[in-house]
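Visitor: Here you go, sequence then predicted model.
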Amino acid sequence: MPSPSDHMANERTFLAWVRTGIALIGFGFVIAKFALFLQLIKGVKGSGNSVIFGEAMIVLGGAVIGYGLLLYLLVERDLENNTYRSRYVMNSIFALFVLLTAVGLALLII
């Protein structure tokens with residue numbers, strides 16, 4: 001039988017995923033708005049890459065929150081059933097997704 005501390009640890013982990021996702025969303029919002037700010041102040045055109053980069057960061061932040069929720073629910077189910085399943089494949093796929101997103105965004109900068 002899982003102890004309350006197991007559930008609380010799972011909740012803390014979920015909240016860390018949410019905090020990370022919110023940080024990515026906020027960072028993406030700042031990037032996108034800064035590009036628009038430069039257009040207004042300096043009349044600089046062609047900052048579309050910055051807007052795309054910002055929007056991609058916002059989407060990535062949402063994906064991080066969604067992934068954290070999925071993990072939270074799976075671990076809660078495992079705790080209730082008194083089982084544990086390693087999620088190395090799922091975590092590896094998500095890490096690959098984040099890595100490919102980072103490489104794609106880096107190519108936008110070049």
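Guide: Thanks, I have the structure now.
Visitor: Just to check, residue 108 is in contact with residue 53?
Guide: Yes: counting by CB atoms under 8 Å, residue 108 does reach residue 53; the two are 5.8 Å apart. Where C-beta positions appear, they are placed from N, C-alpha and C, glycine not excepted.
Visitor: out of those two, which sits in the more crowded spot?
Guide: A direct count of neighbours by other CB atoms under 10 Å for residue 108 and residue 53 places residue 53 higher, at 21 against 12.
Visitor: Which residue comes closest to residue 98 once chain neighbours are left out?
Guide: Take residue 98 and drop its neighbours on the chain: the residue closest to it by CB to CB, 6 or more residues apart in numbering is residue 60, 7.1 Å away.
Visitor: Longest helix in this structure, please.
Guide: helix 4-42 (DSSP state H).
Visitor: tell me which residues in it are buried?
Guide: 10, 14, 17-18, 21, 24-25, 27-28, 31-32, 35, 39 (16 or more other CB atoms under 10 Å).
Visitor: One more: stretch 83-98?
Guide: residue 94.
Visitor: that older thread, what's the longest helix of the chain packed up against?
Guide: If you count contacts as 3 or more CB pairs under 8 Å, 6 or more residues apart in numbering; DSSP states H and E, helix 4-42 packs onto helix 48-81.
Visitor: Let's see the pLDDT reported for the most centrally placed residue in the chain.
Guide: A centroid search over the chain (CA atoms, centre = their mean) returns residue 64, at 2.8 Å, as the residue closest to the centre. pLDDT for residue 64: 96.
Visitor: give the contact list for the residue lying closest to it once chain neighbours are set aside.
Guide: Nearest non-adjacent residue to residue 64, counting by CB to CB, 6+ apart: residue 21, 3.9 Å away. Residue 21 makes contact with 61, 62, 63, 64, 65, 68, according to CB atoms under 8 Å, 6 or more residues apart in numbering.
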